[in-house]
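>>> when you get a sec, could you give me coordinates for this:
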Amino acid sequence: QVQLVESGGGLVQAGGSLRLSCAASGSIFSISTMGWYRQAPGKQRELVATITTDGTTNYADSVEGRFTISRDNAKNAVYLQMDSLKPEDTGVHYCYAYVRRWSWGTWQDYWGQGTQVTVSS
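All right, here's what the predicted structure looks like:
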């Protein structure tokens, strides 16, 4: 089994910063893309940012220039530095990883349990 555990969410005022962390553990042979998604109340889950093994990043337009995604391949970890937070950034933030559990296995999507980020105006 593979587990993704997030930490770092919380309540912050608009303009503030938070740093989310996520570590993958379990039966892992290789991890490809890692990333963060979020879901606001009453809305669908949406992409925030992704990062590949070689460090190529992709951001949603709404967070470009404010958020920075990074990863530590040796620790199977991904991070999201969120600066200049806005109330519209509020939502449950989910860690994502594209994982192959064995050398002969197929690639599968894995998700964390989510961490709440609330930005007050």
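>>> only C-alpha atoms for contact and neighbour calcs from this point on.
OK.
>>> which residue ranges of the chain form strands?
2-7, 10-13, 18-26, 30-39, 46-51, 57-59, 67-72, 77-82, 91-100, 107-111, 115-120 (DSSP state E).
>>> can I get the ones you listed in a markdown table with mean pLDDT and mean neighbour count?
Below are the strands of the chain laid out as a markdown table (pLDDT from 0 to 100; neighbours: other C-alpha atoms under 10 Å):
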| stretch | mean pLDDT | mean neighbour count |
| --- | --- | --- |
| strand 2-7 | 96 | 18 |
| strand 10-13 | 98 | 15 |
| strand 18-26 | 98 | 19 |
| strand 30-39 | 98 | 21 |
| strand 46-51 | 98 | 21 |
| strand 57-59 | 98 | 17 |
| strand 67-72 | 98 | 19 |
| strand 77-82 | 98 | 21 |
| strand 91-100 | 98 | 23 |
| strand 107-111 | 97 | 15 |
| strand 115-120 | 98 | 20 |
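>>> got a list of what Gly26 touches?
Gln1, Val2, Gln3 (C-alpha atoms under 8 Å, 6 or more residues apart in numbering).
>>> list the contacts for the spatially closest residue to Leu20 that is not a sequence neighbour?
Distances taken as C-alpha to C-alpha, 6 or more residues apart in numbering place Gly8 nearest to Leu20, at 4.5 Å, with adjacent residues excluded. Neighbouring residues of Gly8 by C-alpha under 8 Å, 6+ apart: Leu18, Arg19, Leu20, Ser21, Thr115.
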